[in-house]
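In: Please find the sequence and the predicted model below.
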Protein chains: 2
Amino acid sequence: MPTKTSTTQLTETAKPGEAGQHQPRAAERILGVARNLFYRQGIRAIGVDEIVRQAGVTKPSLYRSFSSKDELAATYLRAYEVEFWERFDQAVAAHPGDPRSQIRAFLTRVGHRAVQPDYRGCGMTNAAIEYPEHGHPARLVGEANKRELRRRLRAMAAEMGAEDADTLGDGLLLLIEGAYVSGQLFGPGGPAASVAENADRLIAASLKAR
Amino acid sequence: MPTKTSTTQLTETAKPGEAGQHQPRAAERILGVARNLFYRQGIRAIGVDEIVRQAGVTKPSLYRSFSSKDELAATYLRAYEVEFWERFDQAVAAHPGDPRSQIRAFLTRVGHRAVQPDYRGCGMTNAAIEYPEHGHPARLVGEANKRELRRRLRAMAAEMGAEDADTLGDGLLLLIEGAYVSGQLFGPGGPAASVAENADRLIAASLKAR
DNA sequence: CTATGTACGTACCGGTCAGTAACAAAGTCA
DNA sequence: TGACTTTGTTACTGACCGGTACGTACATAG
């Protein structure tokens, strides 16, 4: 995944006086380490001790900025989601008014990333699988993201002129999720490499079918 | 603490005379409970104490039959895989010589199950996501299953006469994995309901291109 | 020069984790 | 009957879990 620093500002309370960056710098280090470890190894697999150790801080510092480990995980996922939509919107912006090309551009990138040796899929999908319990803070982030993604894919399918736009949009979502999962199961040479091609074929079939 | 001899064995106990197969009574109960808990809540989320408690046995009994929790998880997945292929082969047997109908039959069932309220996806896929570490016993079972499924889907695509059979087979695999994941993310009304329809459209597009 | 707030660390909590040792009880089969 | 096998019982280990009470260094504000 992109190892951007992306200082997710949290509780920016500009103190009266000068406008220097003055918030707890421990929280940033903690979130940065948590994002790496949670994504690569899973949330349940990583303890808070390991996070604070790698961040070079102490446990109370973690709990001053995050009310619980679950909330830290949810914060990690919210930051993850921001980057996800950046990638998605980037593909959309590259082909204005051409949703089919937008999908192809997005999935070409997904397919490429998904066959990297240490690919670990979608952090939000993985978190929802790790936490099946309804209402878990981490799971809620993933569920909301997937609902919105579904909504947008269906809208793009309608924009393409597909008669059964909802079915096509859902089909695209299935292919995307399949690429996320298969990417980390197969590694290089896996079926995710063909996600863009399969999506385009499915689009073609859904447009000309009727 | 009923430590006396009259321990009111749990109801039916065909102990005397009859030559019932009495091999590992405790191991079966343990595996049965583990399968339920591991599938529904995840492997990392369930401790061995909870398993032995619900199975009505003790921890040493678990470790007499299974060398470790990881090995118990792998055993659960191997049993899960047996049932998976039973369902798959059942769909195949229902439509001899007609791979397109075989896929449709299999995915119709998958789509139906995937929109049940408490659907939890594929146990093997979930386990691989829970354990990204290469070589983990549970992960190995899932990886082997997916490789074999890919092989069979590609063979069926070739049997259909698809020009690019490998791409079609991989596309079907992506749709299947997507249904597993989306089913547990969306619940009823989710995109997994359309997996059979989308797969059939993809097949049609891949055949027509010939 | 205090007074206050902030950022942080030390040390610790009770609970749970997977896994084991040693021994007793009970059923199986000859 | 007696040998064998399977299971239960109790108690324990050491590591780790998420989370916290409390003290301290330091920067300002008055």
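Out: Alright, I've got the coordinates.
In: can you tell if the helix or strand encompassing residue A:155 touches chain B?
Out: Per DSSP states H and E: residue A:155 is located in helix A:137-160. Yes - Helix A:137-160 is in contact with chain B by C-beta under 8 Å from any C-beta of the partner chain, via A:142, A:143, A:146, A:147, A:150. In short, each C-beta sits where N, CA and C put it, glycine included.
In: Which among these count as buried?
Out: A:142, A:143, A:146, A:150 (16 or more other C-beta atoms under 10 Å in any protein chain shown).
In: Tell me which residues touch the closest residue to residue A:112 other than its chain neighbours, please.
Out: Excluding its sequence neighbours, the residue lying closest to residue A:112 (C-beta to C-beta, 6 or more residues apart in numbering or on different chains) is residue A:193, at 8.0 Å. Residue A:193 sits next to A:111, A:112, A:114, A:115, B:170 when contact means C-beta atoms under 8 Å, 6 or more residues apart in numbering or on different chains.
In: Restricted to helices, list those residues.
Out: Using DSSP state H, A:111, A:112, B:170 are the members of the contacts of residue A:193 that sit in helices.
In: By neighbour count, which of the residues you listed wins?
Out: Greatest neighbour count in the ones in helices among the contacts of residue A:193, by other C-beta atoms under 10 Å in any protein chain shown, goes to residue B:170: 27 neighbours.
In: can you pull the pLDDT of that one?
Out: At residue B:170, the model reports a pLDDT of 98.
In: does it really touch residue A:186, like I thought?
Out: No - the criterion here is C-beta atoms under 8 Å, and residue B:170 misses it with residue A:186 at 9.5 Å.
In: what is in contact with these two at once?
Out: residue B:150.
In: How about the residues of chain A by DNA strand D?
Out: A:16-17, A:46-50, A:58-60, A:63, A:68-70 (C-beta under 7 Å from any atom of the strand).
In: any idea which of the residues you listed is closest to chain B?
Out: Distance to chain B across the residues of chain A next to DNA strand D (C-beta to the nearest C-beta) is lowest for residue A:46, with 11.0 Å.
In: any idea how far residue B:177 is from residue A:199?
Out: With distances taken as C-beta to C-beta, to the nearest Å, residue A:199 is found 14 Å from residue B:177.
In: Which helix or strand in chain A has the lowest average pLDDT?
Out: helix A:59-65 (a mean of 87; mean pLDDT, DSSP states H and E).
In: buried residues in it?
Out: Buried-residue list, helix A:59-65, by 16+ other C-beta under 10 Å: A:61, A:62, A:63, A:65.
In: so which of these comes closest to DNA strand C?
Out: DNA strand C has its nearest neighbour among the buried residues of helix A:59-65 in residue A:61, at 4.2 Å by C-beta to the nearest atom of the strand.
In: quick one, what contacts the nearest residue to the closest one once chain neighbours are set aside?
Out: If the residues on either side of it in the chain are set aside, residue A:61 comes closest to residue A:26, at 4.2 Å by C-beta to C-beta, 6+ apart. Neighbouring residues of residue A:26 by C-beta under 8 Å, 6+ apart: A:55, A:57, A:61, A:62, A:64, A:65.
In: Pick the one among these closest to DNA strand D.
Out: Closest to DNA strand D, out of all of the contacts of residue A:26 and judged by C-beta to the nearest atom of the strand, is residue A:62, at 7.0 Å.
In: picking up where we left off before, and the helix holding residue A:155, how far out from the chain's middle?
Out: Distance of helix A:137-160 from the chain centroid (C-alpha atoms, centre = their mean, to the nearest Å) equals 12 Å.
In: I would like the residues contacting that helix, please.
Out: By C-beta under 8 Å, 6+ apart, the list of residues contacting helix A:137-160 reads A:43, A:70-71, A:73-74, A:77-78, A:81, A:84, A:88, A:99-100, A:102-103, A:124-125, A:127-128, A:130-133, A:165-166, A:168-170, A:172-173, A:176, A:203, A:206-207, B:182, B:185-186, B:191.
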